[in-house]
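> fold the following.
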Amino acid sequence: MNKPYNNKAWFFILPVFACVAFSAILPLMTVVNYSVQDIISPTQAVFVGLEWFREIMRDPELHAALARQMIYSLCVLLVQIPLGIALALAMPSKGWKSSLSLVVLSMPLLIPWNVVGTIWQIFGRADIGLGGHGLQLLGIDYNYTSNTIDAWLTVLLMDVWHWTPLVALLAFAGLRSIPDAYYQAAQIDGASRWAVFRHIQLPKMRGVLMIAVLLRFMDSFMIYTEPFVLTGGGPGNSTTFLSQYLTQKAVGQFDLGPAAAFSLIYFLIILLFSFVLYNWMQKAGNTTNAESEHA
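Numbering: from 1, shown residues only. Modelled structure (predicted):
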């Protein structure tokens, strides 16, 4: 029998297309339009072609912000992914303790970004903050408002506190999806805990870890609110990342043309790095699976 087709079903997804067009495609086309024009006034613009792209690519402040952003995102991944896996492995797998651990672990994720920045802004102050005052009592000269290293460590620690629970929850979900038969077979073979992690748990978590890496990379590469509230991009420009640089161009200096050109470059950079990370993790996962099957 031939399966009947009802083309009227396409009408059900028209609202989705309309929402995507309104929220994504139209703003993107506006940005592309601004990136090739010099906006003189709301009613007057001059076509400049790729001039803004050439200007942005030669901007030394952009190069410095990009370097800071790449170092920061790399530090985020190197700290949060292993730490999230360790937390997931340490959490109880069943019972009320498991539920309580999940609730407590999820609490930082419920706090808005600007509130997180305010919490750490107060926490790190030596006069009223518990963390800053405690470091002063230990004889550590800590001041995130004037010391570049202190500012970097504070911003990184704030992000680790805020977003490591997301990695831990994803890793915990991956661990819970592993059938008990794998652990029983490993116990019969006398496998060590490291062998179980290396050949069973880590390969089975590859999918959720790939999601965690991509989410944390994209989010850390677009970070704006937390460091802006905490340090304002300082001291100097030491914690001014790409999103803050873009905001300064668009809002602070009102250079709509260069800001639009940079936003497109920003989008392509995130897309490129996400593509590279995805393919690298796919190849690493295939290699790990081949080694596990061989073992």
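> max-length helix in this structure?
helix 256-294 (DSSP state H).
> so which elements touch that helix?
Under the contact criterion of 3 or more C-beta pairs under 8 Å, 6 or more residues apart in numbering; DSSP states H and E, helix 256-294 touches helix 26-35, strand 37-41, helix 51-57, helix 202-204, helix 206-221, helix 242-247. Heads up, the C-betas are built off the backbone N, CA and C, glycines and all.
> average model confidence for it?
Helix 256-294 comes out with an average pLDDT of 77.
> tell me which residues in it are buried?
256-266, 270, 273-274, 277, 281, 285 (16 or more other C-beta atoms under 10 Å).
> the inter-axis angle of it versus helix 26-35?
Angle, helix 256-294 to helix 26-35, by axes from the mean of the first three to the mean of the last three C-alpha atoms, to 10 degrees: 120 degrees.
> helix 256-294 vs helix 206-221, what angle?
Going by the same axes, to 10 degrees, helix 256-294 makes 160 degrees with helix 206-221.
> distance between helix 256-294 and the chain's centre?
Computed by C-alpha atoms, centre = their mean, to the nearest Å, the chain-centroid distance of helix 256-294 equals 13 Å.
> please identify the most buried of the helices and strands packed on helix 256-294.
Mean neighbours per residue, mean count of other C-beta atoms under 10 Å, is largest over those for helix 242-247, with a mean of 21.
> got the buried residues for the host helix or strand of residue 160?
For residue 160, the host element (DSSP states H and E) is helix 148-176. Of all the residues in helix 148-176, those buried under the rule 16+ other C-beta under 10 Å are 150-152, 154-156, 158-160, 162-172, 174-175.
> excluding chain neighbours, what is closest to the residue most central in space within the chain?
Ranked by distance to the mean C-alpha position of the chain (C-alpha atoms, centre = their mean), the top residue is residue 219 at 2.4 Å. Spatial nearest neighbour of residue 219, chain neighbours left out: residue 163 (7.0 Å); criterion: C-beta to C-beta, 6 or more residues apart in numbering.
> what sits against the one you found?
By C-beta atoms under 8 Å, 6 or more residues apart in numbering, residue 163 lies in contact with 76, 80, 108, 109, 216, 219, 220.
> mind listing what the residue nearest to residue 214 when sequence neighbours are not counted touches?
Distances taken as C-beta to C-beta, 6+ apart place residue 274 nearest to residue 214, at 5.8 Å, with adjacent residues excluded. Going by C-beta under 8 Å, 6+ apart, residue 274 touches 214, 217, 218.
> and residue 207, by the same measure?
Residues near residue 207 by C-beta under 8 Å, 6+ apart: residue 174.
> what's the answer for residue 76, then?
Residue 76 neighbours (C-beta under 8 Å, 6+ apart): 156, 159, 160, 163, 216, 217, 220.
> please redo it, this time with the cut-off set to 10 Å
Residues in contact with residue 76 (C-beta atoms under 10 Å, 6 or more residues apart in numbering) are 156, 159, 160, 163, 164, 216, 217, 219, 220, 221, 223.
> can you put those residues in CSV and add distance to residue 210 and pLDDT?
Below are the contacts of residue 76 laid out as CSV (distance: C-beta to C-beta, whole Å; pLDDT from 0 to 100):
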residue, distance to residue 210, pLDDT
156, 23, 93
159, 20, 93
160, 20, 94
163, 16, 93
164, 17, 93
216, 11, 91
217, 11, 89
219, 15, 89
220, 16, 89
221, 16, 88
223, 21, 88
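> check those and tell me the two furthest apart.
Across the contacts of residue 76, the longest distance by C-beta to C-beta is 17.0 Å; it joins 164 and 221.
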